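>>> sequence plus the predicted model coming up.
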Amino acid sequence: MQYACSSCTRYIAELFGTLVLVLLGVGSAVLAASVIGNLGISLVFGLTVLVLVYTIGPVSGCHINPAISLGMLFLGKLSFKDTLFYIIAQLIGAAIGAWLVYYIASGKLDHTVITTLAANGYDEHSPGKYSMMAVGVTEAVMTALLLLVVFATTTEKFAAGFGGIAIGLALVVIHLVSLPISNTSVNFARSFGSAVIEQGWALHELWLFGVAQLIAVVIAVVLYKIFFCVASRSS
């Protein structure tokens, strides 16, 4: 996966894209959940990614997710150096985006105290009080599904120009199912941003989402090679 833009430009694009994803996605959960509900939050996340794919996709590929960058590394479509700096940029962008949500939310004239930034958690911190294992399995499966969709859009047989639509719709469906379970991560940068600003329990439970998404990367890469690489050799 090669891009004409300089490395620095691509890293800035990843920082910007992840910032926007967290600002709008987490922002919808923190600032507008009472109005738009889970369906609205799901649509915001999916549509934001769809828009970003067509905005910064030509610049950096629009990973805006450490799991996607790692997956591309294992598939030989991204160098180790770019993977490292993509992930650093994504984490910084997510933290800035979460801070902006906190800053905006703290500006209410009634001085309402902000107690959560839609951080991802399990047990008592799961919206539906799901166990650590239930949340971990959900995150691993949902992240693997997202990654497989993303990887599929990079194949030659996938219709050019429709990648953003497929990824955006997949993210909407994933959020609709998993929001009540884990507040939906499927993106360690998104979880990191909220946890860094919220701190406390959110930081203590952050490890689960990192582990689940690392497992998802392995699952998605294996499935991609079975579905696409093996199939292409046998055809």
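Nice, thanks for sending it over.
>>> and residue 175, how far from residue 13?
To residue 13, residue 175 is 24 Å away according to C-beta to C-beta, to the nearest Å. For the C-beta atoms, the positions are set from N, CA and C on the backbone; glycine is no exception.
>>> more crowded one of those two?
Between residue 175 and residue 13, counted using other C-beta atoms under 10 Å, the more crowded position is residue 13 (26 against 23).
>>> measure the closest residue to residue 33 other than its chain neighbours to residue 217 for me?
Once flanking residues are discounted, residue 33 sits nearest to residue 41: 6.3 Å by C-beta to C-beta, 6 or more residues apart in numbering. To residue 217, residue 41 is 25 Å away according to C-beta to C-beta.
>>> so between these two, which is more surrounded?
residue 41 (25 against 22).
>>> got a pLDDT number for the more buried one?
What the model reports for residue 41 is a pLDDT of 97.
>>> quick revisit: what helices or strands is the helix or strand harbouring the residue nearest to residue 33 leaning on?
For residue 41, the enclosing helix or strand under DSSP states H and E is helix 33-60. In terms of contacts (3 or more C-beta pairs under 8 Å, 6 or more residues apart in numbering; DSSP states H and E), helix 33-60 is packed against helix 7-31, helix 163-182.
>>> the helix or strand hosting residue 101 - contacts with which helices or strands?
Assigned by DSSP H and E, residue 101 falls within helix 80-105. If you count contacts as 3+ C-beta pairs under 8 Å, 6+ apart, helix 80-105 packs onto helix 7-31, helix 66-74, helix 188-198.
>>> can I get these in JSON lines with distance to residue 204 and mean pLDDT?
Listed next are the helices and strands packed on helix 80-105 as JSON lines, based on distance: least, C-beta to C-beta, whole Å; pLDDT from 0 to 100:
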{"stretch": "helix 7-31", "distance to residue 204": "19", "mean pLDDT": "96"}
{"stretch": "helix 66-74", "distance to residue 204": "20", "mean pLDDT": "97"}
{"stretch": "helix 188-198", "distance to residue 204": "9", "mean pLDDT": "96"}
